[in-house]
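A.B. asks: Let me see the structure of the following:
(2 chains)
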Amino acid sequence: MEEKIMNQWMKELGPNSDVVVSSRVRLARNFNDLSFTHHASDEELKQVTIKAKELLRENNEFQLELIGIDELSEFERKMLVEKHLISPEQTQVNKYKSVALSQDETVSLMINEEDHLRLQMILPGLQIEKAWGLADQLDDYIEDKIDVAFAEGYGYLTACPTNVGTGLRVSVMVHLPALSMINRVEKLMSAISQLGLAVRGLYGEGTDTVGNLYQISNQVTLGHSEEEIIENLLEVTQQIIEQEKNARELLLQEQEVSVKNKVYRAHGILTHAYSISIEEAMELISNVRLGIDLGIIEGIEPIILNQLMVMIRPATLQLTKGEKLSIEEREIYRAELIKELLN
Amino acid sequence: MLCQECQEKEASVHVTKIINNQKQELYFCKECAQATGELNFGSDFSFNNLLTGLLNSKPHSHHQINLSSKQLKCKNCNLSYQEFSHNGRLGCSQCYEYFGDKIDKILRRIHSSSHHTGKIPKRIGENVRIKRKIKNLREEMKQVVAKEEFEKAAVLRDEIKDLEENLDNRG
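C.D. replies: Below you'll find the model as predicted:
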């Protein structure tokens, strides 16, 4: 069961994984001759589905498997959101909405989301360029087979004018426990937003920042080439990594006792609690992860923390258990699961 | 610090409001922040609302009452500009043409640009690729002419001519 839940970024660590959890690239594409999803007739939505099916039948390179959103249970749909494989918008049950996933869940292709096609690559650690390379390759295949909505001046045309041009959204999920301990995150974030980048919580716009995890992505999609957009995010991310690492060293030098105390207490609670909320668990997981990265705690694989981040979320938790749980039951089972994985 | 609304719980939401240059600092607990309607970040300050606000913004000059924008419609999918400015989503790829100047303005506000310089689809984008190359060569030609390097300019001119013929032949 647990094996089935894991995807690639939960199974292996990538480059710079002590700060960067994952890198993601998303492309928005539409069929030229069909209305955008929200304005399309049922017949047009059906056309999108049929064309997407044809596309996938011929493409064996990425071996994508098509799943209708209406074939999934509520928990299964929500788990895909918790794993960042589909957007919350894509969970609305509609017989024309579907998602195609690669075996290791690195590639996902949402069909009839806000745009007809939303293609996504997600890789562990800092691998934006590699993710873009893969997305570009699949995109080339797609536009060889279908007439995509593209205009000379505006580039790729999308339902929302905020995605027009490249249709590209690149993002990194970063873990910044030390910077947040020394209250530097807010400052950093306001600097970032001046560079055409946006900072969000773990699950996109309007979601809380939990467990010191932040998503940083490009805001502008038009007027810069894909390479420029990626370069900009990459450079900023590298600076964030450096700052976080400096902050960690500084903490160890100046506040060794208090950091160690925080890490060991976090580990203590996680390995002994009978019941635990998601917010508390995320906070403590963050502290333990910091402890591992600083060499304070040994014997725990850092990847376990990546796994826990998804496994303790409500839908994935209940799917793992195989039954619907009340909030209280969830908190008990969450504590059990964490203990099992950490011991 | 305690929540200034209920005076019971620890304040976890900090709001800085600036209205007419008057700065106001507010501290609420999570519950009170949600209860006071104007602090509903989930909906009121969502990106979509900011965007549609942008789309609805009236021209500053009162003399320019834009009557046409209400009647403006995409002839391909029938979406009216009014519907677009209400929900921030276009109806089809041709809306971009029918709403021309307005879209241009919006894109420049969002992206500070209204011209794509990135990837061009291989199959359907061949003409676009040639046009972009011609544009770049013309720029280059201007520069060499300015430097009075006329031999180089002549080479570029011929290259541009070839490309233009190629474009004409493709139709």
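
A.B. asks: how does chain B divide into domains?
C.D. replies: According to automatic domain parsing, chain B comprises the domains B:1-40, B:47-111, B:122-170.

A.B. asks: need the ones you listed in a markdown table with distance to chain A, can you?
C.D. replies: In short, each C-beta sits where N, CA and C put it, glycine included. Formatted as a markdown table, these follow (distance: least, CB to the nearest CB, whole Å):
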| stretch | distance to chain A |
| --- | --- |
| domain B:1-40 | 10 |
| domain B:47-111 | 4 |
| domain B:122-170 | 5 |
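
A.B. asks: So in terms of bridging, what pairs with the residue in the stretch 51-200 of chain A that chain B sits nearest to?
C.D. replies: Closest approach between the stretch 51-200 of chain A and chain B, counting by CB to the nearest CB: residue A:155, at 2.8 Å. Assessed by DSSP bridges, residue A:155 has beta-bridge partners residue A:151.

A.B. asks: Tell me how many other residues surround residue 79.
C.D. replies: Going with chain A. Residue A:79 is flanked by 24 other residues according to other CB atoms under 10 Å in any protein chain shown.

A.B. asks: not what I meant, chain B
C.D. replies: Each residue near residue B:79 was counted by other CB under 10 Å, and the total is 24.

A.B. asks: residue ranges for the helices of chain B, please.
C.D. replies: For chain B, the helices defined by DSSP state H occupy B:30-35, B:47-56, B:68-71, B:81-87, B:95-98, B:100-111, B:126-146, B:150-170.

A.B. asks: ranking these by burial, who's on top?
C.D. replies: helix B:95-98 (a mean of 21; mean count of other CB atoms under 10 Å in any protein chain shown).

A.B. asks: just to revisit the earlier point, can you put the domains of chain B in a markdown table and add mean pLDDT?
C.D. replies: Output for the domains of chain B, formatted as a markdown table (pLDDT from 0 to 100):
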| stretch | mean pLDDT |
| --- | --- |
| domain B:1-40 | 69 |
| domain B:47-111 | 79 |
| domain B:122-170 | 87 |
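
A.B. asks: Show me what from the stretch 1-150 of chain A comes close to chain B.
C.D. replies: A:30, A:32, A:34-36, A:38-39, A:114, A:136, A:139-140, A:143-144, A:147-150 (CB under 8 Å from any CB of the partner chain).

A.B. asks: now those residues: which count as buried?
C.D. replies: With neighbours counted using 16 or more other CB atoms under 10 Å in any protein chain shown, those contain these buried positions: A:30, A:32, A:34-36, A:38-39, A:114, A:136, A:139, A:143, A:148-150.

A.B. asks: Inside helices: which ones of these?
C.D. replies: Per DSSP H, helices hold the following members of those: A:136, A:139, A:143.

A.B. asks: if I look at the residue lying closest to residue B:94 once chain neighbours are set aside, how far off is residue A:32?
C.D. replies: Leaving out its chain neighbours, the residue that sits closest to residue B:94 by CB to CB, 6 or more residues apart in numbering or on different chains is residue B:76, at 3.9 Å. Going from residue B:76 to residue A:32 by CB to CB, to the nearest Å gives 11 Å.

A.B. asks: Output the helices of chain B as JSON lines; include the columns distance to residue A:95.
C.D. replies: Formatted as JSON lines, the helices of chain B follow (distance: least, CB to CB, whole Å):
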{"stretch": "helix B:30-35", "distance to residue A:95": "35"}
{"stretch": "helix B:47-56", "distance to residue A:95": "25"}
{"stretch": "helix B:68-71", "distance to residue A:95": "36"}
{"stretch": "helix B:81-87", "distance to residue A:95": "23"}
{"stretch": "helix B:95-98", "distance to residue A:95": "26"}
{"stretch": "helix B:100-111", "distance to residue A:95": "32"}
{"stretch": "helix B:126-146", "distance to residue A:95": "36"}
{"stretch": "helix B:150-170", "distance to residue A:95": "41"}
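
A.B. asks: Identify whichever of those lies nearest to residue A:167.
C.D. replies: Residue A:167 sits nearest to helix B:100-111 of all the helices of chain B, at 12.3 Å, using CB to CB.

A.B. asks: Which stretches in chain A count as helices?
C.D. replies: Going by DSSP H, chain A shows helices at A:2-5, A:8-11, A:42-58, A:74-82, A:128-145, A:177-181, A:185-193, A:226-254, A:256-272, A:278-293, A:303-311, A:314-321, A:327-342.

A.B. asks: Could you say which of those is packed most deeply?
C.D. replies: Ranked by mean neighbours (mean count of other CB under 10 Å), these are led by helix A:177-181, with a mean of 23.

A.B. asks: tell me the mean pLDDT for that helix?
C.D. replies: The pLDDT scores in helix A:177-181 average 92.
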